[in-house]
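[1] give me a 3D structure for the following:
(one chain, ligands or ions: 2)
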Amino acid sequence: MIEQRIQQLRQQLQKANYAYYVLDNPIMEDAVYDQLYRELDTLEKENTHLITSDSPTQRVGDKPASQFVSLAHNIPLYSLENAFNLENLQAWQKRWQRYSEKENIESAEYVCELKIDGSALALTYENGLLIRGVTRGDGTTGEDITQNVRTIRSIPLKLNLENPPPIIEVRGEAFLPLDEFDRINQQREENGEALFANPRNAAAGTLRQLDPKIVDQRRLQFFAYTLHLETTDINSQWESLNYLQNSGFLVNTHRKLCPSLEEVADYFQQWETERKDLPYMTDGVVVKINDYSLQKVLGFTQKFPRWAIALKYPAEEAPTIVKDIIVNVGRTGAVTPMAVMEPVHLAGTTVQKATLHNSDRIKQLDIRVGDTVIIRKAGEIIPEVVRVLDDLRPPNTQLYQMPSHCPECDSTLKRPPNEAVTRCMNLSCGAILRGSLVHWASRDALDIRGLGEKIVILLINNGLVNSLADLYDLTPEKIANLERMGSKSANNLIEAIEGSKKQPFSRVLYGLGIRYVGSVTAGLLAENFPSMEQLSQASFSDLSSVYGVGEEIAQSIIDWFSIEKNCDLIQQLEKVGLQLEATKSKTPTVDSPLTPFAGKTFVITGTLPSLKRNEAKALIMEAGGKVTSSVSKRTDYLLLGENPGSKLTQAEKLGITQLSEAEFLTLVKK
Ligand SMILES: NC(=O)c1ccc[n+]([C@@H]2O[C@H](COP(=O)([O-])OP(=O)(O)OC[C@H]3O[C@@H](n4cnc5c(N)ncnc54)[C@H](O)[C@@H]3O)[C@@H](O)[C@H]2O)c1
Ligand SMILES: [Zn+2]
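    Ligands and ions are numbered 1, 2, ... in the order given. Predicted structure coming up:
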């Protein structure tokens with residue numbers, strides 16, 4: 001079993017290496033590669049008899065492709081050990097201290113450098129003149145690309161030194177600045193050529209272009225970070241960087257000399273956000289022991305220097321193994337398949353479940369229990385399975401079939417024509433009732449504190465609640481005996497339920513959980529149809545002609561009121577005293593502190609860093625403002641997110657005030 005996993009991981013990593021190093025066209029994210037690599041490395045360490053010399057853990061990079069002359073490096077170019085968090089970093093410090101028998105020293109001086117995501121080069125200067133430029137290749141042999149290297153403007157052809165040493169070797173990273181990367185890809189798109197996956201691969205591909213003229217047109221740059229020089233004057237990495245800078249190289253200015261590991265941690269955290277504003281890609285921080293004599297004591301493993309480590313930033317994609325596929329029935333009856341996975345760290349949290357959306361998506365992915373999959377989490381959304389790594393599939397897996405019956409109530413599941421979603425159609429299904437109650441009590445709906453999923457399950461299982469309206473028949477006596485309840489919390493809960501009767505009509509409407517009727521739509525509907533009576537009588541065209549209410553929503557409302565059970569529910573809710581009519585809306589006064597945007601018109605464009613569109617809309621409306629979809633002279637504010645569209649251009653033309661999410665939120669909170 002383990003032997004087979006090791007075999008499969010090796011094959012998968014070799015394939016990835018070939019695509020990455022030889023074709024400059026990666027087949028997976030770096031973070032996914034890194035994690036599969038770690039899995040292999042751990043398995044090999046636990047089973048040392050299974051290590052083979054051709055394993056990807058035993059060598060650096062891959063053999064270069066053959067168009068260029070191969071050259072052996074005088075001094076090998078090593079890879080860097082990876083750390084993925086501050087604990088890894090501390091463990092590394094302990095390791096090198098033990099190795100150097102310097103366990104007693106508190107710490108050491110470290111040089112922190114940004115880890116530039118490009119391609120490593122080794123440059124040789126004889127008597128101050130550039131004579132050779134070689135790629136890293138597999139670390140021992142690279143390709144002679146001197147002609148191409150000569151086109152890079154930040155690489156001096158002649159060193160800026162009065163008495164240059166007879167021979168010096170400089171290493172550093174060739175990279176493409178982001179704007180240049182965009183320009184090249186734009187041009188490639190216009191020419192119908194394949195696009196580069198990322199700036200690193202574009203840089204590596206460019207360096208290995210056979211035509212130096214093309215290389216010259218793509219403005220590669222180079223940061224120098226390693227100096228090999230036979231001299232006694234330079235005793236540390238920090239001094240060598242300054243020497244490189246004085247010799248005419250571009251050395252990254254964001255380097256920092258840190259007296260201890262705490263400063264390293266600060267540097268790492270600082271650049272986690274600031275790196276996003278840099279005009280080039282970085283994927284971490286390289287930490288190097290400053291003192292050359294200590295570096296010498298530590299030396300190298302087969303692959304890495306022991307005196308340096310790359311601390312990488314968390315990724316949004318990671319591989320993991322599927323342990324089970326389950327389905328979840330939501331409050332609308334929608335059946336959502338979910339993958340249950342080996343827990344994995346992703347963008348700062350541990351993840352165990354990912355959505356598989358629906359049966360079409362499952363078919364498309366062909367995901368099976370036992371598969372290794374890549375999951376992704378973008379922003380705050382539930383993680384999803386991006387794809388299956390076929391090469392890592394164990395033998396004898398079974399095709400996954402969606403269940404034909406509801407796991408809650410056992411009624412037959414249906415998939416309406418033209419819909420991707422499978423549904424439980426049984427309106428008395430326990431899952432639907434449970435989901436409806438939780439939604440009813442949720443913050444944006446009736447906001448009933450203390451009525452969470454656990455209590456809802458208890459109420460249903462004890463036969464106390466069979467519909468939303470039953471909540472209002474509960475008494476402290478009826479619920480005081482429930483598990484973990486007690487008389488105090490029983491009283492509180494009943495009080496909270498009672499309090500929900502004062503919640504405005506729009507919240508009741510939202511709380512009903514009619515499909516597509518979110519809290520913003522509920523607000524719009526309540527404004528245009530100020531009572532449940534009026535809403536239930538509204539025709540399709542009445543509904544769909546309301547600004548912001550589309551045909552889909554209109555149909556969904558009509559469908560909802562056509563179900564007898566729903567109409568009964570409305571009657572019961574009316575009887576128990578919920579607000580089924582809107583109270584006269586007060587016109588907000590301009591300087592009311594609760595309505596800082598009274599009468600102001602907003603347009604939202606781009607992706608906001610933390611708020612969803614609907615949340616932003618709701619905040620604006622709560623603060624007395626309104627949201628329209630296009631910019632005009634009447635627009636007061638443009639709420640500006642990332643990748644804005646033409647609305648920004650329009651707003652700039654009209655001189656409309658722009659707000660970032662942060663600025664907006666401070667105004668809202670005033
Ligand atoms: N996506 C894939 O399929 C795939 C395949 C193979 C490798 N990879 C990636 O490549 C990595 C392994 O490649 P690697 O051996 O080049 O190691 P590495 O990228 O983890 O670290 C070594 C490299 O860092 C670079 N670097 C940037 N700034 C530096 C600085 N200031 N000081 C020193 N070095 C600096 C150098 O190019 C050096 O060669 C993996 O961790 C993985 O992320 C990805
Ligand atoms: Zn059901």
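
[2] may I see the buried residues of stretch 293-311?
    Buried residues in stretch 293-311, counted by 16 or more other Cβ atoms under 10 Å: 294-295, 297-298, 304-311. All C-beta atoms are positioned from the backbone trio N, CA, C, and that covers glycine.

[3] near ligand 1 at all, that stretch?
    Yes: residues of stretch 293-311 are located near ligand 1 by Cβ under 6 Å from any ligand atom, namely Ala310.

[4] any stretches of the stretch 351-500 of the chain with poor pLDDT?
    Across the stretch 351-500 of the chain, the ranges flagged by pLDDT under 70 are 378-381.

[5] which residues in it form helices?
    Using DSSP state H, counting those that start in this stretch, the helices of the stretch 351-500 of the chain run over 359-365, 430-441, 453-461, 476-479, 486-499.

[6] can you pull the pLDDT of Pro64?
    The confidence metric pLDDT takes the value 58 at Pro64.

[7] grab the nearest non-local neighbour of Pro394.
    Spatial nearest neighbour of Pro394, excluding adjacent residues (Cβ to Cβ, 6 or more residues apart in numbering): Gly370 at 4.8 Å.

[8] sorry, slip of the keys, the one I care about is Val32.
    Of all residues not flanking Val32 in the chain, Pro319 sits nearest, at 5.0 Å (Cβ to Cβ, 6+ apart).

[9] buried residues in the helix or strand hosting that neighbour?
    In this assignment (DSSP states H and E), Pro319 forms part of strand 317-329. For strand 317-329, a neighbour-count test (16+ other Cβ under 10 Å) marks 317-322, 325, 327, 329 as buried.

[10] what's the first helix or strand after it?
    strand 334-346.

[11] using PDB, write out every CA atom in that following strand.
    Below are the C-alpha coordinates for strand 334-346, written out as PDB (Å, rounded to 0.1, in the frame of the first residue of the first chain):
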ATOM      1  CA  ALA A 334     -31.500  21.000  -2.500                       C
ATOM      2  CA  VAL A 335     -29.200  18.100  -2.200                       C
ATOM      3  CA  THR A 336     -25.500  19.100  -2.200                       C
ATOM      4  CA  PRO A 337     -22.900  16.500  -2.400                       C
ATOM      5  CA  MET A 338     -19.800  17.100  -0.300                       C
ATOM      6  CA  ALA A 339     -16.400  15.500  -0.200                       C
ATOM      7  CA  VAL A 340     -15.200  14.600   3.300                       C
ATOM      8  CA  MET A 341     -11.400  14.800   3.200                       C
ATOM      9  CA  GLU A 342      -8.200  14.300   5.200                       C
ATOM     10  CA  PRO A 343      -7.900  17.600   7.100                       C
ATOM     11  CA  VAL A 344      -5.700  20.000   5.200                       C
ATOM     12  CA  HIS A 345      -4.300  23.500   5.800                       C
ATOM     13  CA  LEU A 346      -5.600  26.000   3.300                       C
END
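
[12] which elements pack onto that strand?
    strand 317-329, strand 349-355, helix 359-365, strand 372-376, strand 422-424 (3 or more Cβ pairs under 8 Å, 6 or more residues apart in numbering; DSSP states H and E).

[13] what about Ser539, how many neighbours?
    Neighbour count of Ser539, defined by other Cβ atoms under 10 Å: 10.

[14] could you do Ser545 as well?
    12.

[15] do Ala174 as well
    Number of residues near Ala174 (other Cβ under 10 Å) recorded here: 26.

[16] from Arg434, how far off is the residue in the stretch 401-550 of the chain that ligand 1 sits nearest to?
    Nearest to ligand 1, among the residues of the stretch 401-550 of the chain, is Ala420, at 31.6 Å (Cβ to the nearest ligand atom). Per Cβ to Cβ, to the nearest Å, Ala420 is found 23 Å from Arg434.

[17] that older thread, and of the buried residues of strand 317-329, the nearest to ligand 2?
    Val329 (5.6 Å; Cβ to the ion).

[18] and the end-to-end length of stretch 272-285?
    9 Å (Cα to Cα, to the nearest Å).

[19] so how far is stretch 334-352 off the chain centroid?
    In terms of Cα atoms, centre = their mean, to the nearest Å, the centre of stretch 334-352 is set 13 Å apart from its chain centre.
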